[in-house]
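sequence-free structure coming up:
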C-alpha cells in the first residue's frame, strides 16, 4: 500500500512540474484539477489528470500483459 501511495505522490509531483507542457494538450485543465493563487504564488494539484493517466497506464499495462 505504501508503494502505491508513494508512486501516486511521485506522479502528482511530476505532473505538477510538467504542467506548462501538459497545458498545451489540454491535459492540465480537466475539471477535477485544482489551481489557485495565494500571496503571489500559484499552486496546482492535478487530481483528475493523475487519475486519467493512471487509468490509461493501467489499461495499457494490462493489454501488454495479455
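Noted; the coordinates are in hand. Since this is a predicted model, take the numbers as computed values, not measurements.

how about the strands of the chain, start to end?
34-38, 41-45 (DSSP state E).

out of the ones you listed, which is closest to residue 14?
strand 41-45 (12.2 Å; C-beta to C-beta). All C-beta spots, glycine's among them, are computed from the backbone N, C-alpha and C.

pLDDT on the closest one, on average?
Average pLDDT, strand 41-45: 83.

buried set for that strand?
Of the residues in strand 41-45, those buried by neighbour count under the rule 16 or more other C-beta atoms under 10 Å are residue 44.

output the contacting helices and strands for it.
helix 2-17, strand 34-38 (3 or more C-beta pairs under 8 Å, 6 or more residues apart in numbering; DSSP states H and E).

list of residues touching stretch 4-13?
45, 46, 47, 50, 53, 54 (C-beta atoms under 8 Å, 6 or more residues apart in numbering).

who's in contact with the first one?
Spelled out, it's residue 45. So residue 45 contacts 12, 16, 33, 34, 35 (C-beta under 8 Å, 6+ apart).

quick check: ChimeraX command selecting the buried ones in those residues.
The following ChimeraX line selects those of those that are buried, judged by 16+ other C-beta under 10 Å:
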select :12,16,33
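
ok so, going back, most packed of the helices and strands packed on strand 41-45?
With neighbours defined as mean count of other C-beta atoms under 10 Å, the helices and strands packed on strand 41-45 peak in mean count at helix 2-17, which reaches a mean of 12.
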